[in-house]
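K.L.:
Make a model of this:
(2 chains)
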Amino acid sequence: MVIGTNAITHMVIAQGVAVGLFSTLGLLDWYGLRRGYGTGDAWDAMLKRLLTFSAVVASVAGAVTGAGIWFTIGSLAPRATASMLRVFLWPWFIEWLVFVVEAVLLIALYFAWDWLGRHRLMRSLLFIAYGLSAFFSAFLITGIIGFMLTVGNWPEHPTLATAFFNPSFAPQLLARLAIAGVAGSVIGMGVLLLPGHEREPQAAALGPFGAILLVCLLVFAGAVTWYFSVVPDFYTTRTVFAVLTQHLSSTPLLFYAANALAALLLLAAALLALARRVRPSRWLVVPGLIAAIAFIAEMERVREFIRGPYLMPSHMYVSEVLLPERFLNAGRGMLAGDYWYQRARRTPDLDQTGVELFNGNCATCHTVGGINNMRTRVAGRSQDGIRVLLDHTHELVSFMPPFSGSPKEADIMARVLYRLGQGQAQLKSHSRMLAGAP
Amino acid sequence: MTRLTDIVLPPPISIGWLHGLLSFTFALHFLFVLLTLGTAFFATVYYVVGQWTSADWLRHWDRDFLEWFFAHKSLAIVLGVGPILLMQVGNSIPFLTAVNLVAPLWMLIIVCLIGALALYEWQHRRKRERRWLFLLVSTVALFLLVYVPATFVAVLTSTERPGIWAAAMKLGSALPGPATLHWALRLLHVLGASVLVTAAVHYLGVARNEDRRRHMLGWMAGGLAFQFVGGVGLYASVRPPPAVLPTVIVAIGVAAAGLLGFVTSLWRTNPRPARVLVGLLLSLVLIPMLMTRQILQDRVLLPLVQDLRENAVLHSSALAPYRGAAQAAFAATLAVPYNNALAIYTRSCSFCHGAVGNGQGDSAGELVVRPENLTEIRLTQDKLHEILREGVRGSAMPVFDFYLKDEIALLRGFLREKVGLREPVEVAARPQPAAATGAAKQLFDGTCSVCHGSDGRGSATGLAFAPPVPDLTRLSVTPAYGFAVVSEGYPGTMMRSFASEPEEVRHAAVALIQEFYLGRRVPVSEPQPDGGT
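P.N.:
Presented below is the predicted three-dimensional model:
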């Protein structure tokens, strides 16, 4: 949840503002140059407003949420973070360098705008450089997060190249760039159409915006279709559920209706802008922006959710248990390999042990009393029933990992879950790590 | 940090290279952190000074600082990602453990930082001067900003002290005891350094006015004194006491700092050679200080990381025998998408109800309340849907709300057509003898209805059982199965055996019960009060 909120905010800003809007700005700059708009006139003033807006948003929220991804995943999924970094250190490191270059370019554009107004070629070059580094960023990150759904040959040949250029790499990159273009052009239209600008350059610039929006929208539709044909059915089957969640799972139609509505809104915005209709376009900016943001958020949500029961397919379950560890733990027990549990000096307490097992097996997704409340899941079930279901969690629910631990541990786990359901046991820890304190 | 001890994938870089790269990227990041903190501090200070002075060169100086703040903070944040990456690879376990101990506070950094940066943006772009509002905003912004290094210093202090983790877990706080003192001194040292370095940078290049330069020179002198006093305390708080090498290196830094202090007090004007000397001396202060920091960190972390790597190798070889099975299981899982009723039934139902629905699944034997034999049960459509969506209380039957409505509908169709969970109920071929029916009626009204209710929907007593009695108007059974239940009882529930009744009475009772489902039976007596026999 926290990871998701931060990641989606970052994606909206990174894709919409950083990639999308800056590339659009570059195009607008070039367009103005071609039309012979001079420095200091209305066109230039508008570009400066757009740039300031993007620079502030990108540097205040974009960069922090980008760095923030490391804060959230490191805290909430430490083992997965460390493992992913072992596979993808170099792409991430290069992406960081690109990130630094982007920041320097942004600062240069921002601080030297007036000077650049007298050196238009330089300004265009800076925009192109920014666009290129943004593209390179998207290129690098796509290889990393695309890996999580389509591992391709990585299990047999665990090298960086097989992981990075996994089967969903190309369609996902295309989809990302396209939706960045969609969001960027809608945001750009919004700033352009703010009341107070002169009408003539507004109408003139609307056309190219509409064209970019239309092309990106069509490419996005194609890329998403391609993407879904590459990802195994085992995952894609859960797409609708991922978006609607359990709460709305009894109205699947909502998913199709909402997506169609969002697509139509953006299409209408594109066509109206192509027709250079200033007033109706202005009406569509906010709904269009919401639609674009919803698509970005939906993409991330789907990608993150349908991956279950794996965090790194073929390597790690969402519970951060390695695939072969499940077999090892079935024999020796999960807690036998737990650093903290083994160092804890306390009298054996079944509830406490159960909490440890809950932390290791369930706490990535389930809370007690909060999101995905475990108490409501087990309420009313019998203890022997819970015990049997523990042996079959991964079959029963396609996105749930198997229980990892010995049969004796499963007994303890069932007992504590039963007591949770009955309201007899409480989890007092505010942090999932705390329950393991000696 | 559960199970973090064993990260089995091989690290992509050697320890030596990694730590070199880490030191370099951290130094770069840290420089801009200091500049960010320093410019924020000076912006506030010179706003206050500017409000109460008439000197022209002091007015609006805060805006110049805020202008620089934009660049510094962008670079500080962006440059920070590199060292975090490397830290999480090289020192995964100590660092991530320390982070986990304060996970909520750690993630709060994102919020505080966005808040602080937004407030600084506001300060920079403010249109009207409202003195007290500005002071309030800049104070809040400064606090939010300082929260970030405060948390970082806490995490690093904890990272470097594996010995305190257990105590920190128990207390639920990051730093128990003496480590808190070290943290406070270290944070003060960082803040002092930010003033010193920012003053130096503005003295060296940014300040465009001689008076401003002199001011910066004053801050440098004050900063040096502050850092010297605080630094002695900080170094004394390092546990265990540092060895000779870091002490020699830190002494070089201190000597350079002393020289810098001497130089700054010497020159009142600013000839260019003096500025070059200041720049040179400043790097001679910063580099040894950062080196000492790295050495002190590494002397704890390197042996630990080495141990953990060996442990990871051991764990990896313990896992080796299971890798084949794990990959096979992975391939098998991916091969069965849950997009058709057969897959859903096979995966979600059959381990209890059996592949053919006879209730003889692999796990059936482990259950106190045995899984239902679906081929013998008769259900109305709404009751079937209800059981699937809500499960059966007091049994293993789970809540199937992790499927879409469409998928539940697929499953219902499959249960009807393939498994034999039908809606219409079969009745016995021959009518029951009147005498047996009479006796069965008596039995039902006298005994069965206590739990099942006289209308077959269940009495309050029966519905309170776990599992509750079924609603006989919506759920029924085939005659043979009903006879077996009446004769043998239902294991795991309150339904007892009625084998003592004559066989034809039991048959008649089944026919009678089926009538609830068929909708023909009318209650013959008033409902029994709760808690009857």
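K.L.:
Mind checking what secondary structure the residue of the stretch 351-500 of chain B found nearest chain A has?
P.N.:
Here the residue of the stretch 351-500 of chain B nearest chain A is residue B:396; by CB to the nearest CB that distance is 2.7 Å. Placement of C-beta: from N, CA and C, glycine included. The three-state label given to residue B:396 by DSSP: H, G, I helix; E, B strand; the rest coil is coil.
K.L.:
Can you name the residues that contact it?
P.N.:
By CB atoms under 8 Å, 6 or more residues apart in numbering or on different chains, residue B:396 lies in contact with A:381, A:382, A:384, A:385, A:386, A:388, A:389, B:352, B:367, B:369, B:371.
K.L.:
Quick check: of the residues you listed, which lies closest to residue A:375?
P.N.:
Residue A:375 has its nearest neighbour among the contacts of residue B:396 in residue A:381, at 11.2 Å by CB to CB.
K.L.:
Contact partners for the closest one?
P.N.:
By CB under 8 Å, 6+ apart, the residues touching residue A:381 are A:389, A:418, A:421, B:391, B:393, B:394, B:395, B:396, B:397, B:398.
K.L.:
Quick check, the second one in contact with residue A:380.
P.N.:
No: under the criterion of CB atoms under 8 Å, residue A:418 makes no contact with residue A:380, lying 10.1 Å away.
K.L.:
thinking again about what came up before, can you read off the pLDDT for the residue of the stretch 351-500 of chain B closest to chain A?
P.N.:
Here, the pLDDT recorded for residue B:396 equals 92.
K.L.:
right, is stretch A:102-109 up against chain B?
P.N.:
Yes: using CB under 8 Å from any CB of the partner chain, stretch A:102-109 comes into contact with chain B via A:102, A:103, A:104, A:106, A:107.
K.L.:
Would you state the helices of the stretch 351-500 of chain B in chain order?
P.N.:
Ranges of helices within the stretch 351-500 of chain B are B:381-390, B:405-414, B:434-443, B:449-452, B:460-464, B:479-488, based on DSSP state H, counting those that start in this stretch.
K.L.:
Please name whichever of those is nearest to residue B:243.
P.N.:
Closest among those, using CB to CB: helix B:405-414, at 65.6 Å.
K.L.:
wait, does that closest one contact chain A?
P.N.:
Yes: residues of helix B:405-414 are located near chain A by CB under 8 Å from any CB, namely B:405, B:406.
K.L.:
what about the longest helix in chain B?
P.N.:
Looking across chain B with DSSP state H, the single longest helix is helix B:272-319.
K.L.:
which other helices and strands contact it?
P.N.:
Secondary-structure packing of helix B:272-319 (3 or more CB pairs under 8 Å, 6 or more residues apart in numbering or on different chains; DSSP states H and E): helix A:323-332, helix B:15-51, helix B:92-101, helix B:131-159, helix B:178-201, helix B:244-266.
K.L.:
shaky segments in chain B?
P.N.:
The model of chain B has pLDDT under 70 over residues B:1-6, B:169-174, B:207, B:267-273, B:520-533.
K.L.:
residue closest to the middle of it?
P.N.:
Nearest to the mean C-alpha position of chain B, by CA atoms, centre = their mean, lies residue B:103 at 8.2 Å.
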